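Asker: here are the coordinates; sequence isn't available:
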């Protein structure tokens, strides 16, 4: 059974940083695309970042470009989201997702596996 488990969320002040982790178990996603999505209060789930099996295949939402960095450690079957210069509008539940294809895409419907989410709150 495939499981994706997110961690690292919490409360942070504007301008602060957090690093989210997503540990996958049940199968290896070494050659598969993985992504982060988020869902803010009263909002639809939106794409944040995704990457394929290596660095050239990375996509970011315009709203986080230059502030967030997605990366992966295939040896640990883990994907990370480093979030810097956080803003109140980044407040959301952040979800990790994986798809059986190697191509990173920004559409939630293209992902086959999802974690339960971790809350990120940016507030002073």
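Answerer: Structure received. Just so it is clear, the model here is predicted, and its values are computed rather than measured.
Asker: use CA for all of it now, contacts and neighbours both
Answerer: Noted.
Asker: Tell me which residue is most central in this structure.
Answerer: residue 36 (2.3 Å; CA atoms, centre = their mean).
Asker: For the chain, just list every one of the strands.
Answerer: All strands of the chain, identified by DSSP state E, fall at 3-7, 10-12, 18-25, 34-39, 46-51, 58-60, 68-73, 78-83, 92-98, 113-114, 118-122.
Asker: Tell me what angle the fourth one forms with strand 92-98.
Answerer: Going back to what we said before, that points to strand 34-39. Angle, strand 34-39 to strand 92-98, by axes from the mean of the first three to the mean of the last three CA atoms, to 10 degrees: 150 degrees.
Asker: my read: the residue nearest to the centre of the chain touches residue 51, true?
Answerer: No - with contact defined as CA atoms under 8 Å, residue 36 does not reach residue 51; the gap is 9.4 Å.
Asker: For the chain, which residues score under the pLDDT cut-off?
Answerer: Applying pLDDT under 70 to the chain flags residues 54-56.
Asker: can you pull the contacts of residue 28?
Answerer: residue 77 (CA atoms under 8 Å, 6 or more residues apart in numbering).
Asker: Tell me the spacing between it and residue 69.
Answerer: In this view, residue 28 and residue 69 are 22 Å apart by CA to CA, to the nearest Å.
Asker: Check residue 17 too.
Answerer: From residue 17 to residue 69 the distance is 11 Å (CA to CA).
Asker: When those two are compared, which one has more neighbours?
Answerer: More crowded of residue 17 and residue 69, by other CA atoms under 10 Å: residue 69, with 19 against 16.
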